[in-house]
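Asks: heads up, no residue letters with this:
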């Protein structure tokens, strides 16, 4: 179906749907196309711009794809963070102390989560203790 913007000889503008350009021409010749405002059958197609894929439309499509990809990435990260939390001991503010004990063989090897200041984290890294922050994701309440 093709939507045409039409106008009559009295200046009224209206839309019409046709199966093809030839279908409009045939119906207009037979007097089957008339203005809904005044009834005139002297109707013509107005100049119209074709629907063209513009860079703006492409940019909008990219944004939608990025939004979907971002949602999927956040969901995967959320799954990983959940798995880490479920399989680790939360030692709270004792994290630096417990991480050192494990690193130096004073405590059993296990996954830890907890809190550390920026200075404490820096010191752990300087000692060769591998740590990483867990991301705070959109919608997290912590």
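Replies: Here it is on my side, so go on. All figures in this text were calculated on a predicted structure; none of them were measured in a lab.
Asks: Got the phi and psi for the residue of the chain most remote from its centre?
Replies: Centroid-distance maximum for the chain: residue 30 at 49.8 Å, with CA atoms, centre = their mean. Residue 30 has phi and psi values of phi -80, psi 0 when expressed as degrees, to the nearest 10.
Asks: Check what pLDDT it gets.
Replies: Per-residue confidence (pLDDT) for residue 30: 90.
Asks: What's the separation between it and residue 43?
Replies: 12 Å (CB to CB, to the nearest Å). Placement of C-beta: from N, CA and C, glycine included.
Asks: do the same with residue 77
Replies: Distance of residue 77 to residue 43, computed by CB to CB: 59 Å.
Asks: likewise residue 15?
Replies: For residue 15 relative to residue 43 (CB to CB), the value is 12 Å.
Asks: of the two, who's got more company?
Replies: Under the neighbour definition other CB atoms under 10 Å, residue 15 and residue 43 were set side by side, and residue 43 has more, 21 against 10.
Asks: Hmm, the more buried one is touching residue 10, no?
Replies: No - the pair residue 43 / residue 10 is not scored as a contact, 10.2 Å apart, by CB atoms under 8 Å.
Asks: Pull up the overlap in contacts between those two.
Replies: residue 35 (CB atoms under 8 Å, 6 or more residues apart in numbering).
Asks: Return the set of residues that bridge with residue 3.
Replies: residue 17 (DSSP bridges).
Asks: I figured it was touching residue 21, is that so?
Replies: No - look at residue 3 against residue 21 with CB under 8 Å: they stay out of range, at 11.9 Å.
Asks: Where do the helices of this structure begin and end?
Replies: With helices called from DSSP state H, the chain shows them at 21-29, 55-86, 95-103, 118-126.
Asks: any idea how far the residue farthest from the centre of the chain is from residue 48?
Replies: Separation of residue 30 from residue 48 (CB to CB) stands at 23 Å.
Asks: Same question for residue 98.
Replies: On the measure of CB to CB, residue 98 and residue 48 end up 71 Å apart.
Asks: Can you tell me what sits against stretch 115-128?
Replies: Stretch 115-128 is contacted from outside by 92, 93, 95, 96, 99, 100, 103, 131, 133, using CB under 8 Å, 6+ apart.
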